Every structure is written in structure tokens, then in C-alpha cells.
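S.K.: When you get a sec, could you give me coordinates for this:
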Amino acid sequence: MNQPLTKTQSKVLAFIKSFIKEKKTPPTIKEIAIKFKYKSHNAAYEVLKILEKKEYIKRSRDGKSRSLIIIDDTENDSSLLQSTSNSIIIIGKGNSLNPMSIFMNPLGQLNIDENLFDIRENLIASIAQDNSLLKEGILKNDYLIVSQTVAWDNGDKVLAILNETIIARIVKQNSNHIQLISTERGYPKIDVEPNDRAVKILGKIIGIIRNNI
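M.R.: Below is the predicted model:
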């Protein structure tokens, strides 16, 4: 269970969620500071540190200005936004040669908060299979909320199929190929060459719902 938030922290978190829903990207520290009229960016930074410590958000360590992700906990977050639930498919196993196979044996439905995730974005859910992105705040068995889009940026977290295995990785674009990398040891880099049918990127990971099993 998340630790309770102060009034100020709740307002900042609600702003972050609203910003992500509208802009499809998180606000920068500068944008948070401007919104709440902080005299310095450091004040906004300190609030984000607290939100992360209380496990409401997770910030990446790659230095990107828009690199934070919401850890959804709607059960304990009802004071921030009126929850409006809808459901998306939890995909099952698939094959990179036939990416649509992920829909053939779905694992069920996942309720999500429409105040946080826009269901018009063609969203799917997947269950994290390992701890390969632990430093990004993704734990094994977490629900990953994925936007089925090819519009990802260098350094984004993506969901992909490697042969018959669903994986979550960070995508890195090099001159003539793509790499899928982990933040943890023991998970080798995956080189994706042009027209490589062994790997298929399914979409961009835009959120996490903690699965406390």
C-alpha cells in the first residue's frame, strides 16, 4: 500500500497524470515548477523524489527530461481523481512471425483508470515476465500498459516478442539497427537487424499497474 500524500504532493501527482493523458508524455521538472509557481526547479525535484519514495511514480536514471512513469494504484488513489474504469486485453503468448497471435489466447481483461490512460490509444496489457527493467521500476508480474504504436523514441521502454517470448526492454536506435537492452545484469543485448523476423516491437510501455501477488 502506498504511503499517504500531503495536499501539495497530491496536487503534483494529479497534475502529472492529467499532463500525461493530454500530452501523451510526462511533464518536465521545469513545467512542474512553472505550474506550481516554485521559485526554483529544485523544489519540484524534491516533490518528485518524495512521490518516487512513496511509490507513486518511477523516474528513469538515463537523464532524459521527460523520463518518469506512473505506478498506478487506483485503490489507494481515489482522493486524487474520480476513478472511471474500463478494461483492456491482457495479451497471451505469441510468435514474432505472426504478431497478431498475441490476441488468440488472451489471459483476461485488466481494468484501468480512464483518468490516467486514454483507451482511444489502442492499449493492451501484458504481464512482465522478469526483472530485466528493475531500475525502471518494473517488477516481475507487474501489469504493463502498452500503447500499440510505432512512434517510439530512443531510450523508450517497449514491449516486444522475441521468437515466442514476450519481453520488456529499453530500445536504442543505432545507425543501421536497433538494440533492445535491460537495466540489469544477466539479460544480454538483443540486436534487431532490418527485416529481422525473430523480433517484433509491439508498442511503447506507458504505465505500470503493480501486481501485488
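
S.K.: ok, which stretches of the chain are strands?
M.R.: Using DSSP state E, the strands of the chain run over 57-59, 68-72, 85-90, 108-113, 123-127, 143-147, 157-162, 165-173, 178-181, 190-192, 199-209.

S.K.: Can you check which of those strands gets nearest to residue 6?
M.R.: Of all the strands of the chain, it is strand 57-59 that lies closest to residue 6, at 15.0 Å by C-beta to C-beta. From N, CA and C alone the C-beta is placed, and that goes for glycine too.

S.K.: What pairs with the closest one, parallel or antiparallel?
M.R.: Sheet pairing here is set by DSSP bridges, and for strand 57-59 it gives strand 68-72 (antiparallel).

S.K.: average pLDDT across the partner strand?
M.R.: Average pLDDT, strand 68-72: 69.

S.K.: so how far is that strand from its chain's centroid?
M.R.: Counting by C-alpha atoms, centre = their mean, to the nearest Å, strand 68-72 is centred 6 Å from the centre of its parent chain.

S.K.: Number the chain from 566, please
M.R.: In the new count, where the first residue is 566, that last one comes out as strand 633-637.

S.K.: and the lengthiest helix in the chain, C-alpha only, in PDB?
M.R.: Counting by DSSP state H, the longest helix found in the chain is helix 572-588. Listed next in PDB are the C-alpha coordinates belonging to helix 572-588 (Å, rounded to 0.1, in the frame of the first residue of the first chain):
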ATOM      1  CA  LYS A 572      -2.100  18.100  -0.200                       C
ATOM      2  CA  THR A 573       0.700  19.500  -2.200                       C
ATOM      3  CA  GLN A 574       2.100  16.100  -3.200                       C
ATOM      4  CA  SER A 575      -1.500  15.000  -4.300                       C
ATOM      5  CA  LYS A 576      -1.800  18.100  -6.500                       C
ATOM      6  CA  VAL A 577       1.500  17.500  -8.200                       C
ATOM      7  CA  LEU A 578       0.700  13.800  -8.800                       C
ATOM      8  CA  ALA A 579      -2.800  14.800 -10.200                       C
ATOM      9  CA  PHE A 580      -1.100  17.300 -12.500                       C
ATOM     10  CA  ILE A 581       1.400  14.700 -13.800                       C
ATOM     11  CA  LYS A 582      -1.500  12.300 -14.500                       C
ATOM     12  CA  SER A 583      -3.500  15.000 -16.300                       C
ATOM     13  CA  PHE A 584      -0.500  16.200 -18.300                       C
ATOM     14  CA  ILE A 585       0.300  12.600 -19.400                       C
ATOM     15  CA  LYS A 586      -3.300  12.000 -20.500                       C
ATOM     16  CA  GLU A 587      -3.400  15.200 -22.500                       C
ATOM     17  CA  LYS A 588       0.100  15.400 -23.900                       C
END
